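# using only what follows, build the 3D model:
(2 chains)
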Amino acid sequence: MRRGIFPKDRLGELIRRWAADRQIVAPVRQGAVEFETVESVAGICLDYRNTRLPAKRLFFPPSEALLRFDFKAAPERQVAEAPSDTHPTVLFGVRPCEARSLTLLDCVFLGNDYRDPYYARRREATALVVLACSTTAPTCFCTSVGGSPTDRAGADLLLTDVGDVFLVEVVSDRGEALLAGFSLPGADIETIERAERAGAQLAASMPLVVGLDRIGSLDVHVFDDPCWQTIAERCLACAACSFLCPTCHCFDIQDEVIAQQGRRVRNYDACMFAQFTLHASGHNPRTYKSQRVRQRLLHKFAYFPDNFGAVACVGCGRCIRACPAGNDIRQWLSALAAACRDQSGAGCQPA
Amino acid sequence: MNLLVTQIRETARRLLEEGRVELVLGFEAGPVALRNAPCFVRRADEAGRLTWDRFCGLNLAVFLNGETRRVAVMAKGCDSRAILGLLKERRIVRDRLVIVGVPCEGMVDRAKVERLVGTTEIEAAHIEGEKIIAVGGGKTFEAPVEEVLRAACRECSAPTPVHYDLLLDVGQVADLSRLSDLSDPSDLSDLSDLSSQSQLGKPTLSPPARWRRFEAEAAKCIRCYACRNVCPLCYCRECCADQSDPRWIGASPNPSNNAMYLLMRALHLAGRCVDCGACVEACPVGVNVRDLFKRLEREVRERFGYVAGADPNQKPPLASFSMADPEDYITDV
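Numbering: from 1, shown residues only, chains lettered A, B, ... in the order given. Okay, here's the model as predicted:
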């Protein structure tokens, strides 16, 4: 993993080189900062903490046509794949938590048993140039869930801002290919150590979520605990948290039909919605809001770790900022850890 | 504000100690700046959690829907109007409810503060006298509170509840009525105005331009339904936006479907919306939903002489019939 120095005033050249045969997607400030396609470095905003909407939308979009059908057409052409709009892309200036979220979504969409072609083709076409964090928000808690402000998980190139230059770390072969034709003078030990010290200090400055390490076999010990009623009482069961979450990935498939033509689409769905588990019979195993809040929390912090070995949360804090009713997932987790301790006395064993 | 906080806590303590209620619903400090969280107090010794300031924008009536426990609610003007609406629609039992009227001076609009500071990452904010001081992106910013008040609050007709069981008294409170005459530069009220001369003297848009502006708002919507779920008057167990057979409103988030969703909500809230602005505050992507609702509120007021939450004895226009009801749209075709 070689590291080098890249002057900031040459960034425009790099973007121009990439733009010749790739789409560039980067943070752009229009009020809030969001990912947009840019033509040059001029539109890019790197003076930001995080985008309002997560990078997952570029790989797993809020609404996507899977198939098109037309039953007036000849039999062999009645059902067709929806056209693909995937181009080779550089996702530039994305944060470590977002890159990490993609590695978690990979567990679901690029797993051993199932491979989602729609997600896969976008993932394969996109190189990630990650910008390490130099500040954090009060709502950030990546260090509590296995991440850090300088995490390189999922990155092809990791950039760290050190004044007039970027410290560039080539993390993958694809990252190496991105730098083809650009000289990257090696970084001196002093710059590297300075950057690492700053990163470590930043990570250490972030308070850890109390008790998160103690939430192991959550579902066994706390599934029936009455704490869920209290935890859920100020939740409004909307999907603001789920739709803004970089790791939430539930979707609903619907057919949109007019007469004999239509398309099959996949839209975001959320376990917070009342009808999420509504059966065709009319039975709903998660009728109550407290059951749905429990589901969301246990999925992220118990079931996903059981299935894939990692917590399905990157600590970006979007859910905390977005919640209209002032819910804070960190407070929920601390309440759970307390309930866990109360139930078993000695505290839950980590999974 | 301190006097108000003291009175709120004392009242909560007293009501719980006397056993008059099982639960007191108010606000406590939230996890993020500019937005307090609803607080459910069950024990008198927890009353100290309750607070009150200009960041208490949530409409607490949303938690009263179908509530059967004996509850006291710290209600500002719009909360009490929503409660009145829910009472008329038989969603709450009156004698299980204690409405504690809290005089309101208007709530801060988080998006306005974010626009002023230039970032959506406000770390801290507090009110000092008539100023708001906000910290974000490493910078501190000051502004008169008036400049960052919610649009709904600027036009509020009754910030201090008119319907209550107990009214907290802190003497003189700021008179918001003068603000409704002043042009609010961030207010898109020209979207709601169909007359040629807008009430605020701003030029109005032509219908095609107005539609384009509306579609631009609708395009932002991600169909998270935060606006619907935060609204005290949206309580249908099965919302028509969630029905798939028939699919009244397309589920895919695109400008056309989203426009249908927003229009549907506006129509279903006609004569019922109390203009608290909680929906605008709840939207995670800043869709301005309020203008549509204002338009319909005006229609109902002008055609039927009805304002939601004003008169407890007045029957809702869609649940009653009068010989004086306008018929011109039927007879004059």
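# where exactly do the helices run in the stretch 1-150 of chain B?
For the stretch 1-150 of chain B, helices defined by DSSP state H, counting those that start in this stretch occupy the ranges B:2-17, B:77-88, B:110-117.
# could I get these as TSV with mean neighbour count and mean pLDDT?
Glycine gets a C-beta too; all of them are placed from N, C-alpha and C. Shown next, in TSV, are the helices of the stretch 1-150 of chain B (neighbours: other C-beta atoms under 10 Å in any protein chain shown; pLDDT from 0 to 100):
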stretch	mean neighbour count	mean pLDDT
helix B:2-17	17	95
helix B:77-88	25	95
helix B:110-117	20	87
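# of all the ones you listed, which one is nearest residue A:141?
helix B:110-117 (21.2 Å; C-beta to C-beta).
# is that closest one anywhere near chain A?
Yes. Using C-beta under 8 Å from any C-beta of the partner chain, we find that helix B:110-117 touches chain A at B:114-115.
# one step back: and the helices of the stretch 1-150 of chain B: which comes nearest residue B:264?
That would be, of the helices of the stretch 1-150 of chain B and by C-beta to C-beta, helix B:77-88, which comes in at 18.6 Å.
# let's see that closest one as PDB, backbone CA atoms only.
Provided in PDB are the C-alpha atoms of helix B:77-88 (Å, rounded to 0.1, in the frame of the first residue of the first chain):
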ATOM      1  CA  GLY B  77     -51.300  27.300  20.400                       C
ATOM      2  CA  CYS B  78     -51.000  25.000  17.400                       C
ATOM      3  CA  ASP B  79     -50.900  21.900  19.600                       C
ATOM      4  CA  SER B  80     -54.200  22.900  21.300                       C
ATOM      5  CA  ARG B  81     -55.800  23.600  17.900                       C
ATOM      6  CA  ALA B  82     -54.800  20.100  16.700                       C
ATOM      7  CA  ILE B  83     -56.200  18.600  19.900                       C
ATOM      8  CA  LEU B  84     -59.500  20.400  19.200                       C
ATOM      9  CA  GLY B  85     -59.500  18.800  15.800                       C
ATOM     10  CA  LEU B  86     -58.900  15.400  17.200                       C
ATOM     11  CA  LEU B  87     -61.600  15.900  19.800                       C
ATOM     12  CA  LYS B  88     -64.100  16.700  17.000                       C
END
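# hmm, that helix touching chain A?
No. Helix B:77-88 lies apart from chain A when judged by C-beta under 8 Å from any C-beta; the minimum separation is 14.4 Å.
# what about stretch B:124-137, start to end distance?
Distance between the two ends of stretch B:124-137: 11 Å, counting by C-alpha to C-alpha, to the nearest Å.
# quick one: residues in contact with it.
By C-beta atoms under 8 Å, 6 or more residues apart in numbering or on different chains, the residues outside stretch B:124-137 that reach it are A:47, A:138, B:1, B:33-34, B:53-55, B:108, B:113-114, B:116-119, B:121-123, B:140-146, B:148.
# now do the phi/psi pair for whatever residue of the stretch 251-351 of chain A ends up closest to chain B.
Of all residues in the stretch 251-351 of chain A, residue A:326 sits closest to chain B, at 2.5 Å by C-beta to the nearest C-beta. Dihedral angles of residue A:326 (phi, psi; degrees, to the nearest 10) stand at phi 70, psi 30.
# tally of neighbours for it?
By other C-beta atoms under 10 Å in any protein chain shown, 22 other residues sit near residue A:326.
# want to throw the helices of the stretch 1-150 of chain B into a markdown table with distance to residue A:146?
Formatted as a markdown table, these follow (distance: least, C-beta to C-beta, whole Å):
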| stretch | distance to residue A:146 |
| --- | --- |
| helix B:2-17 | 40 |
| helix B:77-88 | 42 |
| helix B:110-117 | 30 |
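# which one of those lies closest to residue B:162?
Here helix B:77-88 is closest among the helices of the stretch 1-150 of chain B (C-beta to C-beta), at 7.0 Å.
# show me which residues of the stretch 1-150 of chain B sit near chain A.
B:30-32, B:35-38, B:40, B:58, B:62-63, B:114-115, B:119-121, B:123-124, B:137-138.
# go again with 7 Å.
B:30-32, B:35-38, B:40, B:58, B:62, B:115, B:120-121, B:123 (C-beta under 7 Å from any C-beta of the partner chain).
# now for the residue of the stretch 51-200 of chain A found nearest chain B, how many residues are close by?
With C-beta to the nearest C-beta as the measure, residue A:63 is the residue of the stretch 51-200 of chain A nearest to chain B, at 4.3 Å. By other C-beta under 10 Å, 19 other residues sit near residue A:63.
# isn't it up against residue A:265?
Yes. If you go by C-beta atoms under 7 Å, residue A:63 and residue A:265 touch, sitting 6.0 Å apart.
# and the top strand by length along chain B, what does it pack onto?
If you go by DSSP state E, chain B has its longest strand at strand B:23-32. In this structure, strand B:23-32 packs against helix A:318-322, helix B:2-17, strand B:35-41, strand B:71-75, with contacts taken as 3 or more C-beta pairs under 7 Å, 6 or more residues apart in numbering or on different chains; DSSP states H and E.
# can you list the ones you listed in JSON lines and add distance to residue B:88?
As requested, the helices and strands packed on strand B:23-32 are arranged in JSON lines below (distance: least, C-beta to C-beta, whole Å):
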{"stretch": "helix A:318-322", "distance to residue B:88": "32"}
{"stretch": "helix B:2-17", "distance to residue B:88": "25"}
{"stretch": "strand B:35-41", "distance to residue B:88": "23"}
{"stretch": "strand B:71-75", "distance to residue B:88": "16"}
